[in-house]
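>>> here are the coordinates; sequence isn't available:
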């Protein structure tokens, strides 16, 4: 999803798209791996697509000639990801923990908001990233932060 769409999603729904996607993915993993269905399973899956439909319809004139996109079309439009090269970490075995019914619900952080704060703190012009995919923006911010840390370490070592 493009950064500008993630911001608009937040403005329209008050929710973080990255957290919504993570929650939906977790629910689907729990179903697939453990045959466990959360109490709000349907609500979580449907609310993401309802919110994406709200984002899609924002600013559009809706009349009888317009066709409403399907879930698949919304997914293709907004939820595509950037393919990444496989690393050695991807080949390691993953151990899954069975879901606990007694697990306390954690308040999730707003990742889109945190990304914007990082951009502002880095004194980077946000407008240049609005049409970039969120994953790419995160990678750029992380790389810039790493390079700055390396440069600071080099400057400290010179002193």
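Ah, there it is. Since we're looking at a predicted model, the values are computed, not measured.
>>> what's the helix or strand for residue 38?
For residue 38, there is no helix or strand it lies in under DSSP states H and E.
>>> quick one: buried residues of the lowest-mean-pLDDT helix or strand in the chain?
Every helix and strand in the chain was compared by mean pLDDT, DSSP states H and E; the lowest is helix 111-121, with a mean of 82. Residues of helix 111-121 classed as buried by neighbour count (16 or more other Cβ atoms under 10 Å): 111, 112, 115, 116, 118, 119. No exception for glycine: its C-beta is placed from N, CA and C like everyone else's.
>>> which residues touch the second one?
Okay, so that is residue 112. 6, 7, 9, 10, 16, 17, 18, 134 (Cβ atoms under 8 Å, 6 or more residues apart in numbering).
>>> quick check: it vs residue 153, distance?
For residue 112, the distance to residue 153 equals 30 Å [Cβ to Cβ, to the nearest Å].
>>> then residue 48?
From residue 48 to residue 153 the distance is 42 Å (Cβ to Cβ).
>>> now flag whichever of the buried residues of helix 111-121 is closest to residue 68.
residue 112 (25.2 Å; Cβ to Cβ).
>>> at the geometric centre of the protein, which residue sits there?
residue 18 (2.4 Å; Cα atoms, centre = their mean).
>>> does that one really touch residue 111, like I thought?
Yes: with contact defined as Cβ atoms under 8 Å, residue 18 and residue 111 form a contacting pair (3.9 Å).
>>> and the nearest residue to residue 132 once chain neighbours are set aside, how many neighbours?
Distances taken as Cβ to Cβ, 6 or more residues apart in numbering put residue 3 closest to residue 132, at 5.8 Å, once the chain neighbours are dropped. Applying other Cβ atoms under 10 Å, we find 22 residues neighbouring residue 3.
>>> who touches residue 3 in this structure?
115, 126, 129, 130, 131, 132, 133, 134, 137.
>>> still on that earlier bit, pretty sure the residue nearest to the centre of the chain is in a strand, no?
No: counting by DSSP: H, G, I helix; E, B strand; the rest coil, residue 18 is located in no strand; its state is helix.
>>> how close does it get to residue 115?
8 Å.
>>> between the two, which contacts overlap?
The contact lists of residue 18 and residue 115 share residue 134, where a contact means Cβ under 8 Å, 6+ apart.
>>> ranges for the helices of this protein?
Along the chain, the segments classed as helices by DSSP state H run 3-13, 17-34, 41-57, 71-78, 111-121, 134-158.
>>> please work out which of those is packed deepest.
helix 3-13 (a mean of 18; mean count of other Cβ atoms under 10 Å).
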